[in-house]
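Asks: sequence first, then the predicted structure:
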Amino acid sequence: MEQYSISFPNLGIELNNVGKYITVFGFDVAYYGIIIGIGIMVGIIMTEKEAKRTNQRVEDYTDFALYAIAFSILGARIYYVAFSWDMYKGDILKIINIRQGGLAIYGGIIGAVITLSVFSKKRHLQFWKMADTSCIGLVSGQIIGRWGNFFNREAFGGYTNGLLAMRIPISDVRSGDITQELMVQVTNGINYIQVHPTFLYESLWNCGVLLLIMFYKKYKKFNGEVFLVYVAGYGLGRSWIEALRTDQLLIAKTTIPVSQLLSLIAVLASIFFIISKRRKVNNS
């Protein structure tokens, strides 16, 4: 296994010289940012296609996307920094530098929902109908965006020798993400760690969520139902995937992963609202 390669040994896959950056006109551009950008573009395209299919004004979604991109990135960064404050306090430049990663998807989703709430009110549009349409693009973008973590060598779990186990160079990983368990299980001397590729788990899970909502939307009984199914589906997957990760964001002075707690709350709340709203619709 060559130095700085990434492999999936139990699948027989080895990727050599996987870089974190590409140089464009003398500037280093992070693959992380490129992948996130591709995810955003795919998300917009998927949302606009769904808007067109349901006879909505595509322009409204294009305009919304411009605001949502900015405030989602802002929300994702605020969420990450807030729950990693010890890493950032006293260094303003580090807080605003997102080239090394440090975006939390839940913060991005919260930012997008707040933006949609304001945008739909200003445009006199239906919030829940737009949420149903937009969540298709959102989860599509998440499927792609998670691969930014692959290039950044982040968002992985503890040791595993399962089918999808991934080996990455220790030198490419933040020291705070390496647990004692991983150090005990190092491979090839002390050069590599073998981990759960939780970014891959989440990307695959989101493929399932996308298929679910594409099927479910044909049977929805009220606006907002598809969005709630997305929230429940994504939250269910994130709740168990988060438990595997070594870089969990914790609630201050606790050992509780904030994203896992938020996921469980989101799942329960979404299921409750779907059931209660469906009962009202059926009884009316």
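Replies: Noted; the coordinates are in hand.

Asks: where exactly do the helices run in the stretch 51-200 of the chain?
Replies: Using DSSP state H, counting those that start in this stretch, the helices found in the stretch 51-200 of the chain span residues 58-82, 85-88, 92-96, 105-123, 127-145, 147-152, 180-184, 198-216.

Asks: can you say which of those is nearest to Leu163?
Replies: helix 198-216 (11.1 Å; C-beta to C-beta). (C-beta placed from N, C-alpha, C; glycine too.)

Asks: which other residues reach the helix or strand following that closest one?
Replies: For helix 198-216, the following helix or strand on the C-terminal side (DSSP states H and E) is helix 225-244. Applying C-beta atoms under 8 Å, 6 or more residues apart in numbering, the contact partners of helix 225-244 are 128, 131-132, 134-136, 138-139, 142, 157-158, 196, 198, 201-202, 205-206, 208-209, 212-213, 216-217, 220, 248, 257, 259-260, 262-264, 266-267, 269-271, 273-274, 277-278.

Asks: can you tell me which of the helices of the stretch 51-200 of the chain the model trusts least?
Replies: Mean pLDDT across the helices of the stretch 51-200 of the chain is lowest at helix 180-184; the value there is a mean of 72.

Asks: thinking again about what came up before, so which of the helices of the stretch 51-200 of the chain is nearest Ile34?
Replies: helix 147-152 (7.9 Å).

Asks: dump that closest one to PDB, keeping only the CA atoms.
Replies: Written as PDB, here are the backbone C-alpha positions of helix 147-152 (Å, rounded to 0.1, in the frame of the first residue of the first chain):
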ATOM      1  CA  TRP A 147     -18.000  12.900  -0.400                       C
ATOM      2  CA  GLY A 148     -16.200  16.100   0.500                       C
ATOM      3  CA  ASN A 149     -15.500  14.400   3.800                       C
ATOM      4  CA  PHE A 150     -13.700  11.600   1.900                       C
ATOM      5  CA  PHE A 151     -11.200  14.100   0.400                       C
ATOM      6  CA  ASN A 152     -10.800  15.800   3.700                       C
END
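
Asks: which residues touch it?
Replies: Contacts for helix 147-152 (C-beta under 8 Å, 6+ apart): 6, 18-20, 30-36, 39, 100-101, 155-156, 197, 199-200, 203.
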